[in-house]
Structure formats: structure tokens, C-alpha cells
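>>> here is the input, now give the coordinates:
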Amino acid sequence: MRLRTRNGQLSLGSIYKLFVVGWTFTWTLLFAFAFVLMILISLTGAPLTVNGAPVSGVGALLAGALPLVLFLPVMAFMQALIFGGFFVLAMMIYRSFRPITVETDMSRVFS
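From the prediction side, this is the model:
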């Protein structure tokens with residue numbers, strides 16, 4: 001990821017990139033944990049009821065995990081876009097009163 005600075009300050013696009021990537025990665029980890037947990041629960045053998053009909057085995061696994069697989073990653077990405085925009089707006093307001101300074105320690109880059 002390439003972040004840009006102007007006059008020693010992060011650009012708003014760079015702040016947005018950091019926020020969206022961080023938010024999406026965090027929620028993806030959470031959903032991966034929930035997905036694994038759903039798989040383990042469905043493997044216990046308890047039947048799942050779909051439209052009044054009991055489903056067991058691999059069908060229960062697929063029926064139970066399908067909403068998580070389809071909906072939650074889309075929701076996480078949409079939240080990242082929306083809240084990323086709010087975060088950048090807050091940073092614009094904050095930056096108008098106080099500068100956000102980015103310092104580079106070049107001694108660590110070349111060692």
C-alpha cells in the first residue's frame with residue numbers, strides 16, 4: 001500500500017485507505033472465527049430445519065453457513081466504506097484546527 005504525504009501530512013486518501021483496509025481486515029477475521037464456529041456447531045449432528053424440513057449432514061453445514069458466507073463480508077466492506085468516509089470527514093475537521101504531522105525515521109529504513 002502506498003501512502004502519500006503533502007507538506008509532512010498524510011493525504012485524506014491515505015487516511016481513507018488505512019481505515020478501510022484496517023476495518024475490512026478486522027471484520028474479516030471476526031467473520032472467519034464465526035464461520036469456523038458455525039462449522040463446528042453444525043458438525044455436532046443436530047438437525048437443522050429449513051422451511052419446515054429437517055436437514056442433516058453436509059446439507060445442514062451448507063444451509064447454516066450460506067448466510068454468513070454471502071452476507072457478512074459484503075456488510076463488512078460496506079461498513080468500511082461508510083465509516084471510512086465519516087472517519088475522513090472527522091480528520092478533515094480535525095486537520096483544519098491542528099496539523100496531523102507524519103515523521104519519518106530514516107535511521108530505521110537503512111539499517
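>>> hey, let's count contacts and neighbours off CA atoms from now on
Noted.
>>> helix or strand: which one has the residue nearest the centre of the chain?
Nearest to the geometric centre of the chain sits T24, at 1.6 Å (Cα atoms, centre = their mean). Assessed by DSSP states H and E, T24 sits inside helix 12-42.
>>> that helix packs against which elements?
helix 58-97 (3 or more Cα pairs under 8 Å, 6 or more residues apart in numbering; DSSP states H and E).
>>> tell me how far the helix it packs on is from the chain's mean position?
6 Å (Cα atoms, centre = their mean, to the nearest Å).
>>> stretch 26-43 now?
14 Å.
>>> can I get it in CSV, CA atoms only?
Below are the C-alpha coordinates for stretch 26-43, written out as CSV (Å, rounded to 0.1, in the frame of the first residue of the first chain):
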residue,chain,number,x,y,z
THR,A,26,-10.7,-6.8,11.4
TRP,A,27,-14.2,-7.7,10.4
THR,A,28,-13.0,-10.5,8.1
LEU,A,29,-11.0,-12.0,11.0
LEU,A,30,-14.2,-11.9,13.2
PHE,A,31,-16.3,-13.4,10.5
ALA,A,32,-13.7,-16.2,9.8
PHE,A,33,-13.9,-17.1,13.5
ALA,A,34,-17.7,-17.1,13.4
PHE,A,35,-17.7,-19.2,10.2
VAL,A,36,-15.4,-21.8,11.8
LEU,A,37,-17.6,-21.8,14.9
MET,A,38,-20.7,-22.4,12.8
ILE,A,39,-19.0,-25.3,11.0
LEU,A,40,-18.1,-26.9,14.3
ILE,A,41,-21.6,-26.4,15.7
SER,A,42,-23.1,-27.9,12.5
LEU,A,43,-20.8,-30.9,12.7
